[in-house]
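Trainee: pasting a predicted model and its sequence here:
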Amino acid sequence: QVELLESGGGLLQPGGSLRLSCAAPGRIFATHAMGWFRQAPGKEREFVAAVGWNGDGTIYSNSAQDRFIISKDNAKNTAYLQMNNLKSEDSGTYYCAASPRQYVDYALKYTGTYNYWGQGTQVTVSS
């Protein structure tokens, strides 16, 4: 069982910033694209951002574009999601996932493309 471990969630006010981290085993991290999804209570899990296996390509949801930055540090086997100008609608449980897909394209927006998942970290944006 491959374990992805998220960290960095918390409670903050609108307009604030937060960086989430996702650690993965090296043999997985070096060859897999990494993605972030989120799920609010009563809603489906939705795509946020993804980065290609080599860290060069990225793709974002419309809501994350221009506010969030995803990155991948292969030396540390860790992926990051820098979230800026947070809004209340960004609240939810954020999940890290790994996909064997070799291309950064629309397919990374779908949960079925990923074969490894973390347990999630909670982000609450509230005044």
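Mentor: Yes, it's here.
Trainee: those helices in this structure, which residues are they?
Mentor: Using DSSP state H, the helices of the chain run over 26-29.
Trainee: which helix or strand in it has the lowest average pLDDT?
Mentor: helix 26-29 (a mean of 90; mean pLDDT, DSSP states H and E).
Trainee: quick check: buried residues in it?
Mentor: Counting neighbours by 16 or more other C-beta atoms under 10 Å, one finds that the buried residues in helix 26-29 are Ile28, Phe29. All C-beta spots, glycine's among them, are computed from the backbone N, C-alpha and C.
Trainee: could you shift the numbering so residue one becomes 512, and keep it that way?
Mentor: With 512 as the first residue, the last one maps to helix 537-540.
Trainee: how about low-confidence regions in this structure?
Mentor: For the chain, applying pLDDT under 70 flags the ranges 512-513.
Trainee: please, where are all the strands along it?
Mentor: 516-518, 521-523, 529-534, 544-550, 557-562, 569-571, 579-584, 589-594, 603-610, 627-628, 632-636 (DSSP state E).
Trainee: can you name the residues in contact with the third one?
Mentor: Translated: strand 529-534. Here strand 529-534 makes contact (C-beta atoms under 8 Å, 6 or more residues apart in numbering) with 515-521, 523, 545, 547, 587-594, 597, 605, 607, 629, 632, 634.
Trainee: select only the buried ones of those in PyMOL?
Mentor: Remark: buried members of those, expressed as a PyMOL selection using 16+ other C-beta under 10 Å:
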select buried, resi 515+517+519+520+523+545+547+588+589+590+591+592+594+597+605+607+629+632+634
